[in-house]
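# return a 3D structure for these sequence lines:
(2 chains)
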Amino acid sequence: QKEVEQNSGPLSVPEGAIASLNCTYSDRGSQSFFWYRQYSGKSPELIMFIYSNGDKEDGRFTAQLNKASQYVSLLIRDSQPSDSATYLCAVNSNNDMRFGAGTRLTVKP
Amino acid sequence: NAGVTQTPKFRILKIGQSMTLQCTQDMNHNYMYWYRQDPGMGLKLIYYSVGAGITDKGEVPNGYNVSRSTTEDFPLRLELAAPSQTSVYFCASQVTVSTDTQYFGPGTRLTVL
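Sure thing, here's the model as predicted:
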């Protein structure tokens, strides 16, 4: 069974702090890894994707992948209240996209 | 471009009724997907298609059917609706599996009573 696990939260951070979101997956054959943001009542939107071990930075967001540990994380620097949302980790293995249940992030002004 | 559109936005069905959820994309994407999202949960893949005429089952296909007669359209059919199918349904499209972004539609909120 292919599983993607995330802490459900809620994770609360003050404005300007770093938010750290974590995700583990069970399928060692997974090839690509995604972070989506979903505001309440809205559809998911892609924030970042990563394929290779290491870090990938895009603006305030950094995705980290460790395939040996089957672990992927998302760091949000200088968190803003507008970052308050549910963050979904998704893992793709041969067209089989599996999502975690999401971590709810609240950024307090 | 309208992107990915879904209709209807909301629907209430009685147990045993049938309906089709419509999904259309105007980006000429080959890959299309249907997901369901239960409250407080992540998305679960129901069916996907890699091109017109080709469909395949995802993680939770039971109780659903799909077809892909054109590149643009990927309807999801519910036969004999059950309360367990109460969920929000999202359609998504992607250029190819090796590209990055799945574009999601706005979702259809379905309640089966």
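# tell me which parts of chain A are close to chain B?
Residues of chain A lying close to chain B (Cβ under 8 Å from any Cβ of the partner chain) are A:4, A:6, A:8, A:32, A:34, A:42-46, A:49, A:88, A:90, A:92, A:95-102. (Glycine included, C-beta is placed from N, CA and C.)
# what's the burial count for the residue of chain B found nearest chain A?
Closest contact between chain B and chain A, by Cβ to the nearest Cβ, is at residue B:42 (3.5 Å). With neighbours defined by other Cβ atoms under 10 Å in any protein chain shown, the count for residue B:42 comes to 21.
# can you check residue B:25 too?
24.
# residue A:85 contacts residue A:105, correct?
Yes - if you go by Cβ atoms under 8 Å, residue A:85 and residue A:105 touch, sitting 6.2 Å apart.
# got the residue ranges for the strands in chain B?
B:4-7, B:10-13, B:19-25, B:31-37, B:43-51, B:54-57, B:64-66, B:76-78, B:87-94, B:103-104, B:108-112 (DSSP state E).
# pairing partners for the most centrally placed residue in chain B in the sheet, please.
Nearest residue to the geometric centre of chain B (Cα atoms, centre = their mean): residue B:34, 3.0 Å. Note on residue B:34: beta-bridge partners residue B:47, residue B:91, judged by DSSP bridges.
# residue contacts, it?
Shown in contact with residue B:34 (Cβ atoms under 8 Å, 6 or more residues apart in numbering or on different chains): B:21, B:23, B:45-48, B:58, B:64, B:66, B:74, B:76, B:89-91.
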